[in-house]
Structures are given as C-alpha cells and as structure tokens.
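Undergrad: Here's a sequence, model it:
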Amino acid sequence: MQNMHWQKQDTITVTVMGIITLLSRYPFRVDVLNNHDAVNYALALDHFDINLHQPHPPGYPLYVILGRAFNLLLHNHLAALVWFSMIFSSLAVVAIYLAGREMFGRRAGLFAALLLCTSSVFWYQGEIAAPYTADLFASALVGWLCYRLLTSSQRDPAQAGGQKIVWITALAVGLAGAFRLQTIMFLFPLFLYALRRRPWKIITGAMLVAGTVFGIFFFPVVAMSGGPRDFMRTMRTTVPIFWSTKTLARSARWTRYLKNADNIGRYTLRTLGELALPFTLAGYLSRSQWLRPWRNSKLLFLAIWVAPTWTVYLLVWPGNPGTILVCMPPLFLLAAAGLDWVIKQPRWGATLGWASLAALLLWRTATFTAASQYPLGTSFRRFDTRQTIAWIDEYYGTKLYLMREIPTEGTVVYAEAFRHLQYYLPQYRTFSLPSLRRSNPEIVRSIVSIERGASENWTEMNVNDLLPPGTQRIVLFDLPPELLLAKPTLVKEHSKNGHTIRVVSLPANYEALWTPEGLWIGVNE
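TA: As a prediction, this is how the structure comes out:
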C-alpha cells in the first residue's frame with residue numbers, strides 16, 4: 001500500500017466522515033461536568049496547579065492549553081471541554097482512516113473510520129469533558145506517520161521525502177506526550193521501531209526533537225508544581241504503588257495482575273464491540289505468517305503499537321475505558337482489514353461482508369442512540385449510551401438541586417463528589433471523605449477541605465479538629481448511608497427522582513467524630 005497518491009475521493013471521505021462524526025455527537029452532549037476528573041480539568045482552565053489537582057497529575061498541559069483556547073471562544077468551561085472532545089473525535093476518525101488507507105487500502109481505511117465512529121465507548125467519550133478522544137487521535141496520527149516513516153524510501157532513506165517524514169513524526173510524538181504524559185511512553189517504542197533503518201545521527205536528532213517538544217510542555221509543569229521533588233510527591237497520589245519499593249513489592253501479586261488483565265480485556269472488548277471481534281480475528285488470521293507474527297511486517301508493527309500500553313496497564317493499572325483508547329487503533333485496523341478480506345472472497349464474500357458491515361453499523365448506532373445502559377440485561381456488561389449521559393445529567397443535577405435547598409450557614413458537607421460542590425456550589429463548606437491512619441484512627445492521614453471555592457489538602461490532623469466551630473448540620477451528599485452512625489431521629493432524607501442526600505441535625509450537646517466505621521454522632525459527655 002506504499003506510494004498511494006492522494007485523490008479526490010480521499011478528500012471527500014475524510015471531509016464526510018469528519019462532519020458525520022461531529023454532527024452525530026452534537027445532540028447528546030453532557031449538560032454537567034461528568035465526573036471528578038472533568039471538574040479538575042474545568043478548574044484548570046482558570047488556574048493550573050497540579051498540587052491542587054487542577055488538573056490531576058501529571059498535568060495534561062496541551063489539553064489544558066487547547067481547552068483554554070476553546071474557552072476563550074465559548075466562555076463556558078463545560079462547553080469548551082465537550083466541544084474539544086467532539087472535534088477531536090472527528091480528527092481521530094480522520095486519522096484512523098489515514099492509517100488504514102496507508103496499511104490496508106482505502107476501503108479498509110473507510111471501514112476503520114466507520115467502526116471507530118460508531119464505537120459506543122468512543123462515542124461516549126466524545127460527549128463528555130475528557131482528553132481521551134485526543135489521546136486516540138494522537139495515537140492514530142503517530143501510528144500513521146510511523147508506518148509512513150517505516151515504509152518510505154527504504155532503498156534510499158536519505159532522500160528529501162524520507163527525511164521530512166522523520167521530523168514530522170518526531171514533532172507528533174512530542175505533542176502526543178504533551179496531551180498525556182503516559183502517551184509518549186506508549187508510542188515511543190513504535191517511533192524507535194520506525195526509525196531503526198535510519199542513520200544513527202537521524203535517530204538521535206529525531207529523539208532530540210521529540211524530547212524537546214515534549215519538554216517544552218512538561219518541564220514548566222514540573223516547575224509550577226514546585227520542582228522535581230514536589231512533582232514526584234504529587235504523582236504519588238495518582239500512582240502510589242509506583243514510587244516506593246514497599247508499595248511496589250506489596251502490589252506485585254498474581255491476583256492484581258489477573259485483575260488488571262481482566263479489566264484490559266473488558267475495556268478492549270467494550271470499545272471494539274463484541275460483534276466486531278470476529279473481523280479482528282479475520283484480519284489477523286488472513287495475514288501471512290500469522291502463526292509467526294514477528295515475520296509479518298504489518299502484524300509486528302501493530303503489535304509494537306499496542307504492546308507497551310497493555311504491558312504498563314498490566315503491571316500498574318488500566319484506569320477506565322477511556323484510557324484504553326490510546327491502544328485501540330491497531331484493533332480497529334485489524335477489524336477493518338478482516339472485513340475487507342471477507343468482501344474480497346469469491347462467491348459469498350461480497351454479500352456477507354457488506355451485509356455484516358451494515359448490520360454492525362446499525363447495531364452500534366442503535367445501541368448508543370436508543371438502547372438502555374443494559375440492553376442485554378444486568379448480568380451482561382453495561383453499555384455506554386445516550387442514557388448513560390442522561391443518567392449523569394440527572395444524577396448530578398438532582399443532587400445539586402437538593403443541596404441548594406439546604407442553608408449554607410452552619411452546614412458542613414462530606415462528599416465523594418466534593419469537586420462538583422467546589423465548582424457548582426462553592427458557598428458550602430465541603431470536605432472529602434477522610435482517610436484515617438490504620439495504626440492510629442484518631443489521626444486523619446489526608447482530607448480535602450474546600451472553603452469559599454478554594455481547596456486545600458490537609459494531612460496528619462486529629463479527628464477532633466475536623467468539624468468547624470458553629471456546625472449545625474452535616475450533609476452526606478453521596479456517601480453510603482451505612483457510614484452514618486447516628487440516631488434516626490437526627491437524620492432527614494431529601495429525595496427526588498430516586499436520588500437522596502442525608503442531612504443530620506447536630507444539637508448543641510452533640511458531637512460528630514469520624515471513626516473507622518463511619519461518622520459517629522452522639523452526646524458530648
């Protein structure tokens with residue numbers, strides 16, 4: 001598929017696919033910041049400080065910079081971040097078309113774009129405030145450029161065209177790391193593999209370019225966090241097992257690896273879609289030397305593309321379904337190649353292949369737009385659908401509505417979603433769920449305090465010092481009721497649409513104290 005010239009049909013394809021993707025996202029956008037991380041990103045648009053998790057480590061500098069650019073146009077944090085996700089969804093679909101076209105031909109590129117566009121996980125990520133559509137775009141773009149780098153001018157890599165692609169790819173790799181620190185680690189082995197036939201001076205120069213571009217964004221984040229030591233300390237709050245021998249050894253258990261492998265498999269299948277899996281297998285098995293994939297240049301390339309991500313997620317933690325997107329392009333490309341192979345088969349191939357594609361696209365589109373979160377029952381996995389977005393809007397919207405009915409004076413709120421209260425209701429005195437020291441439960445190891453919209457991380461406090469003077473009531477915004485150890489007569493539930501917050505009146509002769517079992521409220525003796 002090398003030396004395929006750009007034609008008018010390619011321009012039409014990328015334009016139409018980009019517009020279709022953007023328009024398909026527009027009606028289903030989320031109306032409220034969808035989770036804790038989304039609030040972190042929104043707060044970072046006004047003030048960048050990873051020590052305050054605005055955003056959370058390692059910082060996502062290019063994502064925040066571009067988010068601020070969108071915010072200058074839209075004057076709304078949520079709209080800026082969601083439009084970012086929507087536009088990068090379109091760019092990701094275009095990028096995977098380019099990668100598929102380069103590796104397997106135009107038709108396979110179109111199939112890959114269609115399958116990605118209709119993936120429920122990818123569709124969902126394009127409707128919320130998250131960086132993962134940009135992550136997939138960066139992966140697909142770098143994969144496309146690396147394949148061109150690998151295959152261009154192999155007989156004379158020093159010619160002008162062969163040199164230009166080196167520096168373009170190096171720039172893309174560096175920028176990919178500026179979106180998310182992890183991404184450059186995942187894609188750098190592919191970059192090195194694509195460079196392997198180049199002279200060592202070119203390889204060194206390309207690595208320096210990628211590293212410099214990455215450093216332009218990354219080193220200011222380290223400096224703004226207080227320097228390398230403070231940056232590493234902040235990073236421990238995100239990946240604690242990674243930063244000490246004791247925690248790393250304690251986490252090195254087969255049960256952990258099995259759980260991580262299970263989550264990787266679930267997230268991958270959930271993103272690809274179960275019905276697309278047979279075509280991914282067909283795409284693999286239809287390649288020559290599939291029993292020895294290291295002898296097939298395309299299979300080896302795809303393996304190097306996906307393996308670093310899976311390895312890190314296996315050893316550390318796979319995160320959530322959004323974080324798996326960075327390594328999904330190779331699987332969508334294999335599924336597209338499998339569909340293309342089926343269509344090429346004599347007699348039955350064209351009919352089966354085109355019918356399967358139509359059924360796949362219909363099912364995937366109907367699942368997202370019309371199905372419930374559990375169209376196959378609660379015993380099967382949850383699907384990311386428009387109902388998921390509607391549930392998020394209703395959940396946070398209802399909880400915040402109920403919260404607004406509570407007087408601010410004398411009220412203390414404990415919440416898992418303390419960031420939402422900081423963003424939407426900064427007038428309330430809010431705390432996160434305290435983490436008590438195991439060896440001495442009277443000591444609070446860590447807790448987030450929010451006062452007048454400003455957050456502060458408290459550590460090594462006595463539990464008796466947590467409750468502000470003058471507290472008249474305590475609200476459990478979203479914590480489980482079993483954590484509330486109080487007389488039923490003191491507790492009042494405020495409910496709407498099946499969502500509840502619990503308000504505990506605190507008489508003058510009562511005290512509230514956090515214990516390992518929960519929040520104890522009783523007479524002050």
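
Undergrad: Can you tell me how far residue 84 is from residue 132?
TA: In this view, residue 84 and residue 132 are 11 Å apart by Cβ to Cβ, to the nearest Å. C-betas here are computed from N, CA, C, even on glycine.

Undergrad: for whatever helix or strand residue 79 lives in, packing partners?
TA: Applying DSSP states H and E as the criterion places residue 79 in helix 77-104. Applying 3 or more Cβ pairs under 8 Å, 6 or more residues apart in numbering; DSSP states H and E, one finds that helix 77-104 contacts helix 8-25, helix 36-44, helix 61-74, helix 106-117, helix 120-125, helix 132-151, helix 297-315, helix 329-344.

Undergrad: what is the rounded mean pLDDT of the shortest one?
TA: Per-residue pLDDT values across helix 120-125 average out to 97.

Undergrad: For stretch 281-300, measure first residue to last.
TA: Using Cα to Cα, to the nearest Å, one end of stretch 281-300 lies 15 Å from the other.

Undergrad: Identify the residues contacting that stretch?
TA: The contact list for stretch 281-300, computed with Cβ atoms under 8 Å, 6 or more residues apart in numbering, reads 103-104, 150, 303, 333-339, 341-342.

Undergrad: can you rerun that using 7 Å?
TA: Residues outside stretch 281-300 that contact it (Cβ atoms under 7 Å, 6 or more residues apart in numbering) are 103, 303, 334-335, 337-338, 341-342.

Undergrad: Send me stretch 435-453 as PDB with only the CA atoms.
TA: This file holds the C-alpha atoms of stretch 435-453, laid out as PDB (Å, rounded to 0.1, in the frame of the first residue of the first chain):
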ATOM      1  CA  SER A 435      -8.700   8.800  55.200                       C
ATOM      2  CA  LEU A 436      -7.800   7.700  58.800                       C
ATOM      3  CA  ARG A 437      -4.400   6.200  59.700                       C
ATOM      4  CA  ARG A 438      -4.800   2.500  60.300                       C
ATOM      5  CA  SER A 439      -2.300   2.400  63.200                       C
ATOM      6  CA  ASN A 440      -4.000   5.300  64.900                       C
ATOM      7  CA  PRO A 441      -7.600   6.100  63.800                       C
ATOM      8  CA  GLU A 442      -7.500   9.300  65.700                       C
ATOM      9  CA  ILE A 443      -5.200  10.800  63.100                       C
ATOM     10  CA  VAL A 444      -6.500  11.800  59.700                       C
ATOM     11  CA  ARG A 445      -3.900  10.800  57.100                       C
ATOM     12  CA  SER A 446      -5.500  13.000  54.400                       C
ATOM     13  CA  ILE A 447      -8.600  15.000  53.600                       C
ATOM     14  CA  VAL A 448      -9.500  17.700  51.100                       C
ATOM     15  CA  SER A 449     -11.000  20.900  52.600                       C
ATOM     16  CA  ILE A 450     -13.000  23.300  50.500                       C
ATOM     17  CA  GLU A 451     -13.900  26.800  51.800                       C
ATOM     18  CA  ARG A 452     -15.300  29.600  49.600                       C
ATOM     19  CA  GLY A 453     -14.400  27.500  46.500                       C
END
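
Undergrad: Which residues does that stretch contact?
TA: 418, 421-422, 426, 429-432, 434, 455-463, 466, 514-516.

Undergrad: In contact with residue 30, which residues are there?
TA: Contact analysis of residue 30 by Cβ under 7 Å, 6+ apart lists 82, 127-128, 389, 392-393.

Undergrad: right, and the secondary structure at it would be what?
TA: coil (DSSP: H, G, I helix; E, B strand; the rest coil).

Undergrad: which phi and psi does it have?
TA: Residue 30 adopts backbone torsions of phi -70, psi 150, taken as degrees, to the nearest 10.

Undergrad: can you check residue 458 too?
TA: When read as degrees, to the nearest 10, the backbone of residue 458 gives phi -100, psi 140.

Undergrad: cool, residue 353 as well?
TA: Dihedral angles (degrees, to the nearest 10) for residue 353: phi -60, psi -50.

Undergrad: Please report how far it lies from residue 365.
TA: From residue 353 to residue 365 the distance is 19 Å (Cβ to Cβ).

Undergrad: More neighbours: which of those two?
TA: The neighbour count for residue 353 versus residue 365, taken as other Cβ atoms under 10 Å, is higher for residue 353 (21 against 15).

Undergrad: Need the pLDDT of residue 247.
TA: Listed pLDDT for residue 247 reads 56.

Undergrad: Provide the secondary structure category for residue 409.
TA: Under three-state DSSP, residue 409 comes out as coil.

Undergrad: ok, now the one 3 residues further on?
TA: Assigned state for residue 412: strand (three-state reduction, three-state DSSP).

Undergrad: isn't it right up against residue 472?
TA: No - applying Cβ atoms under 7 Å as the test, residue 412 and residue 472 come out as separate, 8.8 Å apart.

Undergrad: higher neighbour count, the two?
TA: residue 412 (20 against 13).

Undergrad: if I look at the more buried one, how far off is residue 466?
TA: 9 Å.

Undergrad: one step back: next one: the helix holding residue 79 to chain centre, how far?
TA: How far helix 77-104 lies from its chain's middle: 14 Å, per Cα atoms, centre = their mean, to the nearest Å.

Undergrad: where does this protein have low pLDDT?
TA: Residue ranges of the chain with pLDDT under 70: 1-3, 153-162, 238-252, 525.

Undergrad: From the contacts of stretch 435-453, list the buried ones, please.
TA: The neighbour-count test (16 or more other Cβ atoms under 10 Å) marks 418, 421-422, 429-432, 434, 455, 458, 461, 463, 466, 514 as buried among these.
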